[in-house]
Each structure stands twice: as C-alpha cells, then as structure tokens.
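Visitor: Got a predicted structure plus its sequence, pasted below:
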Amino acid sequence: MSYPDLDVGLSEEDIAARDMVRRFGNEVMRPIGIRLDKLADPQQVIAKDSELWDVHRTYRELGLHTRRLAGAGGAGLSPLGGIQINEELGYADSGLAISIAVAGAPFAYAAASREPELQGWAKAYAEDTKAELIGCWAITEPDHGSDWILAGEPTSSNPLMAPQLKAVKKGKEYVLTGQKSAWVSNGTIATHASLHVSLDSDQGMHGTAICIVPLDLPGISRGKSLDKHGQRALNQGEIFFEEVVIPEKYMVVPDSARVNVMLGYNTWTGANTGMSVTFAGCAKSALDEAITYAKQRVQGGVAIIEHQNIKLKLMQMLQMVEAARSLSRRTMLYNMANPPGSLSHAVSAKALSTETAFKVASEAVQIHGGNGLSKEYVIEKIMRDARASMIEDGTNEALLLRGAAFL
Ligand SMILES: Cc1cc2nc3c(=O)[nH]c(=O)nc-3n(C[C@H](O)[C@H](O)[C@H](O)COP(=O)(O)OP(=O)(O)OC[C@H]3O[C@@H](n4cnc5c(N)ncnc54)[C@H](O)[C@@H]3O)c2cc1C
C-alpha cells in the first residue's frame, strides 16, 4: 500500500476532476513527454505530426483550458480541487504543464478586455479543441531577464534598464521594434502573445506597457526552437519585431503606473504561486518513482527498500515533498481568497517547490543507482526538468530578493 494523501473535505466533483486529470497525465502527458524529451532536434517536438499536439488537443477536449478565462466559470471545483489539477499536471510532465498553461496567457487578457475583437479571440480560444490557437507570455529579452523580476525596485527606473522591445505611439497605432529572448515558452509555435514593451526608455523598467498581439502580423519573425537541458517538450524561442504596427486597442495595459503595480507585485505573486503548485507535483512524482524502484530492485537478497539507508532517504524525501506541497497549497488558498495575495509567500513557495523537486529527484537518481542515469528510466528526465524550474519564471535568487522587499 502506498502512503495516503492527507487531503480532507474534497467534494465528489473535486475527486472526479482529479482522477480525470490523473488519467490524462498517466496516459497522455507522461508517455508523450518522455518521447518528446528524447527527440534530438527540438524542431521535431513542434513538427505538424508531433505528439505535442495530441497533448494540447486532449487538454482542450477535456475542457481544462477555459478554467482561468474571465466569465468562463469554474469547473464547479473547490479551491483545493482546482489546485490539485495543477499539481497533477506538474506530476505528469512539468514542461508540458507549462506549455498548456501559458498557451492561455494572452487569451486571459483578451477575455478581460471590453474590445469586441479581443473578446472574439478569447471566445475562439475557449472553443478551440484543435489547438489552433496557442498563446505565449513574452517578457524576457536577451539583455533583460532578472531585470523584469526586480522591476518593482526603486532603482529599476534607471534608463540603462530600459527593455529592448520598444513601442512608439503614432496616432491611434503603436509601432513595435525589438525582440524577445529564446526563453519565451511556446515562442516559436504561438499564434498570439501577451507582450511586455518599453513605452518610455527614460524611465527604465518603470516605463513599460502590456499588449496582446497576433503573431502573424507583418514584421514579426521567429528564431529556432531552443535546444536545452530539461523540459525539452516545452517549446521555447525568440520572437523578433520589425516596425510592427498594432492598433491602440491591442495595448491592453498602456498605463505604466498600472504595469508597475503588476510587475512590482501582482504578476510575480500569481505566476509563482502557480509554479509552486506545479513543481510540488513534480517533486512528488520523483518521490513516487524512487519508492516504486526501491520496492522492485533487489540487492543483498532483498528489495533495497529493506535497507536502512534507503528507508531513511525516502522518509527524508517524503518530508521535503509534503512541506513543499503544504506551503504551495497554503499560499495558493490564501492568495485566491485575498487577491493579489502575498508575494513573499509566493516566491518562497516557488523556491521551496522547485528546489525540493530538484533535490528529491537527485536523491531518487541515487536510489536508482546506475539505472538512474539511464534514459530507460524517467527519473533522470524529472531531475533535468526540475533543474530548469529553479530559473524558470525568474531565478529563485532574484525572486527571493524581490520577496524580501515585503518583509
Ligand atoms: C524553462 C523556462 C521557461 C521560461 N519561460 C519563459 C516565458 O514563458 N516567457 C518569458 O518571457 N521568459 C521565460 N523564461 C525566462 C526566465 O524568466 C529567465 O530565464 C529568468 O528570469 C532569468 O533571466 P536570465 O536567464 O536572463 O538570467 P540573468 O538575469 O542573466 O541572471 C543570471 C544570474 O545573475 C543573477 N542576477 C541577475 N540580476 C541580479 C540582480 N540584480 N541582483 C542579484 N542577482 C542577480 C541571477 O539570479 C542569476 O543567477 C523561462 C525560463 C526557463 C528556464
């Protein structure tokens, strides 16, 4: 018998939704994620006939993609029931979990807009079970990574920190010129982007705005898919803008003062709370792989779980995983009930979950012995996926420095 889940008070709907997502994770995400991870060329991951599209399509057929759209309604789940879904997705394959989540980013902005054209994009996304509409969140630039995380600091008004992608207002239009970095998730496959731009370079990071942009406009081009160490199923790549003209209605947050509130607090609170839950799931998957292997592998004439050092290691891993799950859930529950929530807790939960996922996966590799290094076992992939998460959505160091501003 495996160790119990401690959740109490889940409704029948919560349990049914969790089990449905767990099946999707086990039967679709996990096996496809493993196969995509092994592809030598990241271009193969996004090929027309790639299984990546089966993941996106099935996720949408299950209706999971509309959970965060304004006005779309929840799935009748309790707050904890919703959190469990994100944990399950992170458990199955963290890179794919990020890809399907970020695919909705610009459409969430569009759903909140009063502009009929933008509302039309959100509606089309909600109805799109073929995964023809894919979003990305393009903020990082080649010369500005952590700068965006620390944008809320008073010193970030330094003009030397001004973003590279500039938006210049001309009448009722904006002209965009510059680029976003190779780290943009879904960057080479996205049809729409939520895009952070510089409006006033003299104000450095304090002079920015947010627009949503269809990525088939004249002047937009993409780089190659990024070839990287972990989360290889997650497509990433550059987006270039050369005198791209957008109507002013696409500039959904033109007011830098409002963006400063978002980048100074709300954006990183929301993003990191989500990351913490996803990677608590990833951490649990590493523990479960270690327990399963330790029960099967025989050395010294007994399953290695009978050896004291393995028992002790597994129990220490369990403590770390449950601590990460507890803080991420507690933070998410508080932040949902008290928007915009607590940034200090959000970044702490993100750092704890991602570092736990990496440490636990590394210990799980040790428990697998030589097999832990082999691509025949998923644990080395989970370790690589977890390693990326300590940089993803902000390095843990930069995030914690920002969180410290609110102690
Ligand atoms: C898997 C993955 C997915 C991602 N997805 C997206 C996405 O969807 N969209 C997007 O726009 N970006 C995305 N990113 C980019 C990510 O947000 C950046 O990589 C991250 O913010 C760090 O920026 P950087 O890589 O430029 O590192 P740098 O900012 O160059 O940092 C290098 C080192 O210096 C430290 N450092 C930097 N500045 C300071 C400072 N002022 N004080 C103290 N220490 C500092 C950092 O902690 C780090 O150790 C993703 C990254 C990964 C790995």
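Guide: Structure received. Residues are numbered from 1 along each chain as shown.

Visitor: Near the ligand, which residues of the chain are found?
Guide: Neighbours of the ligand within the chain, by C-beta under 6 Å from any ligand atom: 102, 137-140, 145-146, 149-150, 183-185, 231, 388, 391-395, 397-398. Any C-beta I mention is one placed from the backbone N, CA and C, and that applies to glycine too.

Visitor: and whichever residue of the stretch 101-250 of the chain sits closest to the ligand, what does it touch?
Guide: Taking C-beta to the nearest ligand atom, the ligand has its nearest neighbour within the stretch 101-250 of the chain at residue 145, 1.9 Å off. Shown in contact with residue 145 (C-beta atoms under 8 Å, 6 or more residues apart in numbering): 181, 183, 395.

Visitor: Could you pull up the residues touching the second one?
Guide: Meaning residue 183. Residue 183 sits in contact with 140, 145, 226, 236, where contact means C-beta under 8 Å, 6+ apart.

Visitor: again, 10 Å this time
Guide: Neighbour list for residue 183: 138-142, 145, 226, 228, 236-238, 391-392 [criterion: C-beta atoms under 10 Å, 6 or more residues apart in numbering].

Visitor: ok, of the residues you listed, which come out buried?
Guide: Buried subset of the contacts of residue 183 (neighbour count, 16 or more other C-beta atoms under 10 Å): 138-141, 145, 226, 236-238, 391-392.

Visitor: Give the residue spans of this protein that score low on pLDDT.
Guide: 1, 70-75 (pLDDT under 70).

Visitor: all strands of it, in order?
Guide: 135-138, 166-170, 173-180, 192-198, 208-214, 220-222, 239-247, 298-299, 302-303 (DSSP state E).

Visitor: Redo these as JSON lines? Include distance to residue 265.
Guide: What follows is those, written out as JSON lines (distance: least, C-beta to C-beta, whole Å):
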{"stretch": "strand 135-138", "distance to residue 265": "17"}
{"stretch": "strand 166-170", "distance to residue 265": "23"}
{"stretch": "strand 173-180", "distance to residue 265": "23"}
{"stretch": "strand 192-198", "distance to residue 265": "15"}
{"stretch": "strand 208-214", "distance to residue 265": "15"}
{"stretch": "strand 220-222", "distance to residue 265": "31"}
{"stretch": "strand 239-247", "distance to residue 265": "26"}
{"stretch": "strand 298-299", "distance to residue 265": "52"}
{"stretch": "strand 302-303", "distance to residue 265": "50"}
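
Visitor: which of those sits most buried?
Guide: strand 135-138 (a mean of 28; mean count of other C-beta atoms under 10 Å).

Visitor: helices and strands around that one, which ones?
Guide: Where contact means 3 or more C-beta pairs under 10 Å, 6 or more residues apart in numbering; DSSP states H and E, strand 135-138 is packed against helix 94-102, helix 105-112, strand 173-180, strand 192-198, strand 208-214, strand 239-247.

Visitor: Direction included, what does it pair up with?
Guide: Next to strand 135-138 in the sheet, as set by DSSP bridges, lie strand 192-198 (parallel).

Visitor: Tell me how far the partner strand lies from the chain's centre.
Guide: Remark: strand 192-198 is offset 17 Å from the chain centroid, using C-alpha atoms, centre = their mean, to the nearest Å.

Visitor: next one: stretch 360-369
Guide: With C-alpha atoms, centre = their mean, you get 24 Å for stretch 360-369.

Visitor: Same question for that stretch: list its buried residues.
Guide: Across stretch 360-369, burial judged by 16+ other C-beta under 10 Å covers 360-365, 367-368.

Visitor: same thing with stretch 344-353?
Guide: 344-353.

Visitor: With stretch 12-25 instead?
Guide: Quick answer for stretch 12-25 (16+ other C-beta under 10 Å): 14, 17-18, 21-22, 24-25.

Visitor: contacts for it?
Guide: Stretch 12-25 is contacted from outside by 5, 7, 10-11, 29-30, 33, 55, 58-59, 61-64, 75-93, 96-97, 281, 285, using C-beta under 10 Å, 6+ apart.

Visitor: Recalculate using a threshold of 7 Å.
Guide: Identification of contacts with stretch 12-25 by C-beta atoms under 7 Å, 6 or more residues apart in numbering yields 58, 62, 75-78, 80-81, 84-85, 88-89, 91-92.

Visitor: For that stretch, C-alpha coordinates in PDB please.
Guide: Output in PDB follows, covering the C-alpha atoms of stretch 12-25 (Å, rounded to 0.1, in the frame of the first residue of the first chain):
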ATOM      1  CA  GLU A  12     -17.200  14.400  -5.300                       C
ATOM      2  CA  GLU A  13     -16.600  16.800  -8.200                       C
ATOM      3  CA  ASP A  14     -13.100  17.500  -6.900                       C
ATOM      4  CA  ILE A  15     -12.200  13.800  -6.700                       C
ATOM      5  CA  ALA A  16     -13.700  13.100 -10.100                       C
ATOM      6  CA  ALA A  17     -11.800  16.000 -11.700                       C
ATOM      7  CA  ARG A  18      -8.600  15.000 -10.000                       C
ATOM      8  CA  ASP A  19      -9.000  11.400 -11.200                       C
ATOM      9  CA  MET A  20      -9.800  12.500 -14.800                       C
ATOM     10  CA  VAL A  21      -6.700  14.700 -14.900                       C
ATOM     11  CA  ARG A  22      -4.600  11.900 -13.300                       C
ATOM     12  CA  ARG A  23      -5.700   9.600 -16.200                       C
ATOM     13  CA  PHE A  24      -4.800  12.300 -18.700                       C
ATOM     14  CA  GLY A  25      -1.400  12.700 -17.000                       C
END
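
Visitor: okay, now residue 357: neighbour count?
Guide: 32 (other C-beta atoms under 10 Å).
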